[in-house]
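Participant: Predicted model, plus sequence, below.
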Amino acid sequence: MKEKYQVLYCAKQTATRLRGTLFGLAICLFGCPGTMATAQSFTENSYLVDIRAGKGLSQSIRQFRRGGYELSNGSYVSFSRWYKSNWRNLRVTMMTQMSKELGLLWGFGTGEFGEKYTIDPSIKLGFIWQSEVKENFRLSLSATTIIGGKLREKPCLANYGAVGGIQKVNCRLAASFMAPSETLNYLIKEPPADQLVLRMGVVFSF
């Protein structure tokens with residue numbers, strides 16, 4: 001068990017260092033003199049790579065809209081309005097060509113807000129590098145990290161009458177047999193699945 005925690009700790013530390021390295025690289029590429037990233041060349045050499053709305057965590061939270069429960073007085077409480085939003089998290093990814101072999105990946109997420117949840121706005125940073133090692137053989141490497149973009153579920157206030165009074169409770173589990181304080185442990189606090197992505201590719205041409 002001790003070894004397991006050591007491995008998890010090392011993995012977390014490595015991910016933190018890599019995210020710091022990517023952030024530092026982005027600052028240098030944007031701000032170091034002599035690079036292509038001047039105001040004019042930056043816009044001229046930037047291209048849209050991907051744009052998507054309502055995916056990832058936004059899609060995950062929507063599944064809770066189908067739930068609900070009945071109160072002691074017989075009225076029905078639907079989860080629909082709690083996990084509904086008029087705006088879906090929009091994520092945009094761009095690439096700026098820094099040289100023949102190196103590109104800067106960057107982007108943002110707008111975030112999303114519902115009555116009982118929040119998806120934080122986010123910034124995406126990374127790079128893609130590719131090189132022709134030899135004729136007909138190309139090697140590529142890319143790494144991206146997302147800063148922010150975490151999904152946070154909010155609790156409800158429920159009235160448990162003369163016995164329990166008014167307490168904070170996980171909205172989805174308010175009608176369960178668990179104690180209200182225990183349900184709070186199941187509130188969702190989840191980072192984006194692609195918070196840190198590393199990819200390596202090899203291309204052979206015939």
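Facilitator: Okay, I see it.
Participant: Just say helix, strand or coil for Ala175.
Facilitator: Three-state call for Ala175 (DSSP: H, G, I helix; E, B strand; the rest coil): coil.
Participant: Enumerate every residue touching it.
Facilitator: Tyr69, Glu70 (Cβ atoms under 8 Å, 6 or more residues apart in numbering). Backbone N, C-alpha and C define where each C-beta goes, glycine included.
Participant: next one: phi and psi at it?
Facilitator: phi -100, psi 10 (degrees, to the nearest 10).
Participant: From Trp87, how far out is it?
Facilitator: Using Cβ to Cβ, to the nearest Å, Ala175 is found at 29 Å from Trp87.
Participant: Which residue of the chain lies farthest from its centroid?
Facilitator: Distance from the C-alpha centroid of the chain, by Cα atoms, centre = their mean, peaks at Ala162 (41.8 Å).
Participant: That residue should be in a strand, yeah?
Facilitator: No: under three-state DSSP, Ala162 sits outside any strand and is assigned helix.
Participant: Which pLDDT value belongs to it?
Facilitator: The per-residue pLDDT reported for Ala162 equals 76.
Participant: Show the contacting residues for it.
Facilitator: Taking Cβ under 8 Å, 6+ apart, we find Ala162 in contact with no residue.
Participant: where do the strands sit along this protein?
Facilitator: 46-53, 68-70, 76-78, 90-97, 102-109, 112-114, 117-119, 122-134, 137-148, 151-153, 156-159, 166-169, 189-190, 196-204 (DSSP state E).
Participant: Let's have those strands in TSV, adding mean pLDDT and distance to Arg62.
Facilitator: Shown next, in TSV, are these (pLDDT from 0 to 100; distance: least, Cβ to Cβ, whole Å):
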stretch	mean pLDDT	distance to Arg62
strand 46-53	91	12
strand 68-70	83	15
strand 76-78	87	14
strand 90-97	94	15
strand 102-109	94	16
strand 112-114	94	10
strand 117-119	96	10
strand 122-134	90	19
strand 137-148	92	20
strand 151-153	96	12
strand 156-159	86	19
strand 166-169	91	22
strand 189-190	94	14
strand 196-204	87	23
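Participant: can you put those in a markdown table and add mean neighbour count?
Facilitator: As requested, the strands of the chain are exported to a markdown table (neighbours: other Cβ atoms under 10 Å):
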| stretch | mean neighbour count |
| --- | --- |
| strand 46-53 | 12 |
| strand 68-70 | 13 |
| strand 76-78 | 12 |
| strand 90-97 | 18 |
| strand 102-109 | 21 |
| strand 112-114 | 19 |
| strand 117-119 | 22 |
| strand 122-134 | 17 |
| strand 137-148 | 17 |
| strand 151-153 | 18 |
| strand 156-159 | 14 |
| strand 166-169 | 16 |
| strand 189-190 | 12 |
| strand 196-204 | 11 |
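Participant: Between those strands, which one is closest to Ile61.
Facilitator: Each of the strands of the chain has some distance to Ile61 by Cβ to Cβ; the shortest is strand 117-119, at 5.5 Å.
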